[in-house]
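Participant: Take a look and give me a structure for this.
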Amino acid sequence: MAKPAASSGTSTKKTTHKKAVPIPDDDFVLHSLQEEHGQQKRYAASDDELLTFYEQMLLIRRFEERAGQLYGLGLIGGFCHLYIGQEAVAVGIQSALDAGKDSVITGYRDHGHMLAYGIDPKVIMAELTGREAGISRGKGGSMHMFSTDHAFYGGHGIVGAQVPLGAGLAFAHKYREDGGVCIAYFGDGAANQGQVYETFNMASLWKLPIVFVIENNQYAMGTSVKRSSAETHFYRRGTAFRIPGLDVNGMDVLEVRQAAEIALRHVREGNGPVLMELNTYRYRGHSMSDPAKYRTREEVQDVREHNDSIERAKKDLLERGIPEDRLKEIEKRIRASVADAAGFAENSPEPAPAELYTDVVLGSY
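Facilitator: Numbers count the residues shown, from 1 in each chain. This next block holds a predicted model:
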């Protein structure tokens, strides 16, 4: 009996493939907030508003410079992360918030945010120096400041940990229906944390009233974003979670304020979270113990000379016809206020030993 012919490996039978039908998703429109932001980049501030912004930024700058001096003298211990260079971010965003309604949470570089909130420089400096008169009774120090009276919830030392806590604050706003929005600040380094993206997913899923603010100071703890992040345009990071982003010049207080207006309006209308990337620059090292050898002095000086937020605001004021003598008077008043805060802190007593046992648990057991 003859063997059957070997198969050639080909078949005359045609294989048909069903064309994939996309699942309709008519509910999803990623609103182009960047396009809206491009229509008017800078906030139309009145002279008085711009003067207030200038004064607040100058207060943060001079306060932080004095804090650096006190650290060098040994009056501030532990870690101390200065905000010098990033002043326009805190001032621009905080000025757009609804005091008494909105909440704020941030990382360990927190002094500037508290000053922008209008908290007394004396109690902040007292906290930095570990004194009983400090806003956290001297027990929080530089990294863990807190003020429930101002809806300011820290001051957190663990990188990125404030982001999910911010989602909790936003959930509370939504649950209580109080109309508030949470502002959750974090840096470009924290933006690579997994917990950040878990929070993005949950916040978007539940349409939580939160604005995620990435303060991109370009170096995280000490590594350039180009060496540490595959996607360096951080405002795009929320796209996969249907969170619209805004790319903002964080060295221009008026641009920051205008972008904050757009973001807050979007969130207050019930559209869920917004992600803002504020491109800014940190003049000092990551902390007082960081010599910042990963960049050149020329680079820092170039930003100071050509892109400083305080000098930009000063130039705007002078072009509006505000007398230079008035700006000098503000400078004089700020320096006196900071000197007074430092004197108050140095002459305040340290916490009593019994203070170790307070604010440990909430309630009686």
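Participant: hey, let's count contacts and neighbours off CA atoms from now on
Facilitator: Noted.
Participant: hey, where'd the strands end up in the stretch 1-150 of the chain?
Facilitator: Under the criterion DSSP state E, counting those that start in this stretch, strands of the stretch 1-150 of the chain are mapped to 103-105.
Participant: Next one: Tyr54 from Val163, what distance?
Facilitator: Between Tyr54 and Val163 the distance is 29 Å, computed by C-alpha to C-alpha, to the nearest Å.
Participant: the more surrounded of the two?
Facilitator: Neighbour comparison, Tyr54 and Val163: the larger count goes to Val163, with 29 against 25 (by other C-alpha atoms under 10 Å).
Participant: So for the helix or strand harbouring that one, mean pLDDT?
Facilitator: Per DSSP states H and E, Val163 falls inside helix 162-176. Averaged over helix 162-176, pLDDT sits at 98.
Participant: can I get the CA coordinates of the helix or strand following it in PDB?
Facilitator: Downstream of helix 162-176, the first helix or strand assigned by DSSP H and E is strand 182-187. In PDB, the C-alpha atoms belonging to strand 182-187 read as follows (Å, rounded to 0.1, in the frame of the first residue of the first chain):
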ATOM      1  CA  CYS A 182      -6.700  69.400  48.900                       C
ATOM      2  CA  ILE A 183      -3.300  70.600  47.500                       C
ATOM      3  CA  ALA A 184      -0.800  67.800  47.700                       C
ATOM      4  CA  TYR A 185       2.800  69.000  47.000                       C
ATOM      5  CA  PHE A 186       5.600  66.600  46.200                       C
ATOM      6  CA  GLY A 187       8.900  66.700  44.300                       C
END
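Participant: which other helices and strands contact strand 182-187?
Facilitator: Helices and strands touching strand 182-187, as assessed by 3 or more C-alpha pairs under 8 Å, 6 or more residues apart in numbering; DSSP states H and E, comprise strand 103-105, helix 162-176, strand 210-216.
Participant: and if we set it to 10 Å?
Facilitator: Packing contacts for strand 182-187, counted by 3 or more C-alpha pairs under 10 Å, 6 or more residues apart in numbering; DSSP states H and E, involve helix 87-94, strand 103-105, helix 162-176, strand 210-216, strand 274-279.
Participant: so which of these comes closest to Arg326?
Facilitator: helix 87-94 (20.4 Å; C-alpha to C-alpha).
Participant: for the record, mean pLDDT for the closest one?
Facilitator: 97.
Participant: Return the distance of that helix from the chain's centre.
Facilitator: For helix 87-94, the separation from the chain centroid amounts to 9 Å (computed by C-alpha atoms, centre = their mean, to the nearest Å).
Participant: do the same with stretch 191-207
Facilitator: 16 Å.
Participant: List the contacts of Pro121.
Facilitator: By C-alpha atoms under 10 Å, 6 or more residues apart in numbering, Pro121 lies in contact with 59-60, 63, 111, 114-115, 127, 134-135, 337-338, 340-342, 344-345.
Participant: Name the nearest of the residues you listed relative to Arg242.
Facilitator: Met114 (30.9 Å).
Participant: Is it correct that the closest one is in contact with Ile60?
Facilitator: Yes: between Met114 and Ile60 there is a contact under C-alpha atoms under 10 Å: 9.3 Å.
Participant: Does the residue positioned nearest the centre of the chain have any beta-bridge partners, and if so which?
Facilitator: Most central in the chain under C-alpha atoms, centre = their mean is Tyr185, positioned 3.1 Å from the mean C-alpha point. Taking DSSP bridges as the rule, Tyr185 bridges to Val213.
Participant: All set, thanks.
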